[in-house]
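# kindly generate the corresponding structure for this input.
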Amino acid sequence: MKLLAGIALVLAQTAQGTPLPYRAIHQPEFVTAAEAAFLEDDDILLGVTSGKVAKAFPAADLAQHGAVSDTMPDGPISVTWCGVCNTGLVFRAEVKGRTLHFQYDRMVGANEVQKDVETGSSWQQATGEAIDGPLKGTRLTLYPAVRTTWAEWRKRYPHTTVLKPLPGYAELMPSRSRRIKDVTRVGPEGAPNGALAFDKRLPARETVAGLEVGRETVAYPFSTLRIARVVNDRVGGLPIVIVHQPSSDTTTAFEARAKGKVLRFQAANDDASSVVDLETRSTWNAYGLCLEGPLKGTQLKHVILVPQFWFAWSQFHQGTRVFTAR
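Below you'll find the predicted structure:
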C-alpha cells in the first residue's frame, strides 16, 4: 500500500496488481505462534494480554486496515495503526456500555480519523477523542499494549495467538514491515502534508514514546532511549521508570514505587532486559516484575506509552516536555 499525498486511505496492490481495500477488520481470525510463518523475528507488532490470553497484531497487517475490532476477556478493544504518523494504539472499544466498531474516515493533522459504525462519531486516532458526531468530546480509554518485535513477544508469551492476515494482504506484509522498521530507525525528513504544526525541537519524524500523566506530557525520543536504556523521571507528580530494550525497541513504563517506597532503577545488562533498583538491590525484568531480592514477586503498576512520530505527538500535545539525557 502506498501513501498518496500524505494520507493513508489508498488501495493496496497485490503482486498481480489486484486492488485490495483499506478496510477495518471486524471479525478477526487468529493462528498459533507455530502457524505464524508470515512473521520474521524482527517484525514489529502490538501485543496485548488479559489474564491467560495473549494476542499479537503485526504492524505490517494493521497498516493495511487501520483498525481491528476484537474482544479480550476484560472487554472489547480496537487495535489501531496510522502509517503516516507511525502510531499504534489500542483502545477499549466501549462507551457508556455500548461496543463500537471503527472504520477509516479521513485525515486530520496527518493522522487518521476513524468513524464508529454505531453512532457515526469521528475519532482522532492519536488521541482517542471524538472530534464530531453524537459522542463529540468523549475520549476512549487506552488499553495496555506493548510495541515490540515478534521474537521478543513470542519469547515472553509462547502461547500467544497472532492475527491471521486476510487473503491477498499477507503477500504485502514483508514490504510493509521493512518500511515500518526503516522509518522507526530513521524517519524521512520533514513533516508530511497535512500536519497541523511543526515543533522544531526534534526532527518531525523522530519516533518518540509519549507519556501523559494528569496534565503533564513528556516525549522520550527512541534515539535517546536506545542509549539511556533506563530513565528515572517524575511526570504529573508520579515517579516513573522507562525501560527501553535497544535490540527490539521495546519500551515499557511503570510507576516507580513499591510497598510505599519510591524506587530508582539502572540497567543490569546491555539490553536492559533486566534492571536493578538502587534502594533494595532487587532485580526486575523489563516488564516490571521483581525476580530476585527483598521485593521478589512484586509487580510495578504499568503506565501506557504512546509510540509515534514527533510531529504527531507534539501537535496534539502542545507544550510537551522533551526528555534529554543529562
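# buried residues in the longest helix along the chain?
Secondary structure of the chain per DSSP state H: the longest helix is helix 173-185. Residues of helix 173-185 classed as buried: 173, 176-177, 179-181, 184 (neighbour count, 16 or more other CB atoms under 10 Å). In this view, the C-beta of every residue, glycine as well, is placed from N, C-alpha and C.
# would CSV of those with distance to Arg154 be doable?
Listed next are the buried residues of helix 173-185 as CSV, based on distance: CB to CB, whole Å:
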residue, distance to Arg154
Met173, 17
Arg176, 20
Ser177, 15
Arg179, 22
Ile180, 18
Lys181, 17
Thr184, 19
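# still on that earlier bit, only the buried residues of the following helix or strand past the longest helix of the chain, if you could.
Note on helix 173-185: by DSSP states H and E, the next helix or strand toward the C-terminus is strand 207-213. Neighbour counts over strand 207-213 (16+ other CB under 10 Å) mark 207-213 as buried.
# so which of those residues comes closest to Thr49?
Ala209 (19.1 Å; CB to CB).
# hmm, that closest one is touching Ala219, no?
Yes - between Ala209 and Ala219 there is a contact under CB atoms under 8 Å: 7.4 Å.
# nearest spatial neighbour of Gly51, skipping sequence neighbours?
Spatial nearest neighbour of Gly51, chain neighbours left out: Pro73 (4.9 Å); criterion: CB to CB, 6 or more residues apart in numbering.
# tell me how many other residues crowd that neighbour.
9 (other CB atoms under 10 Å).
# and the closest residue to Leu289 other than its chain neighbours, backbone torsions?
Nearest non-adjacent residue to Leu289, counting by CB to CB, 6+ apart: Gln299, 5.3 Å away. Taking degrees, to the nearest 10, you get phi -110, psi 120 for the backbone angles of Gln299.
# tell me where the model's unsure across the chain.
Scanning the chain for pLDDT under 70 picks out 1-19.
# which parts of the stretch 201-326 of the chain are strands?
Here the stretch 201-326 of the chain has its strands, by DSSP state E, counting those that start in this stretch, at 207-213, 216-221, 230-235, 238-245, 250-255, 257-258, 261-262, 265-267, 274-277, 283-285, 290-292, 302-303, 306-309, 321-322.
# got the ones you listed as a markdown table, with distance to Ile25 columns?
Output for these, formatted as a markdown table (distance: least, CB to CB, whole Å):
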| stretch | distance to Ile25 |
| --- | --- |
| strand 207-213 | 25 |
| strand 216-221 | 30 |
| strand 230-235 | 34 |
| strand 238-245 | 29 |
| strand 250-255 | 25 |
| strand 257-258 | 39 |
| strand 261-262 | 43 |
| strand 265-267 | 38 |
| strand 274-277 | 36 |
| strand 283-285 | 32 |
| strand 290-292 | 37 |
| strand 302-303 | 26 |
| strand 306-309 | 21 |
| strand 321-322 | 35 |
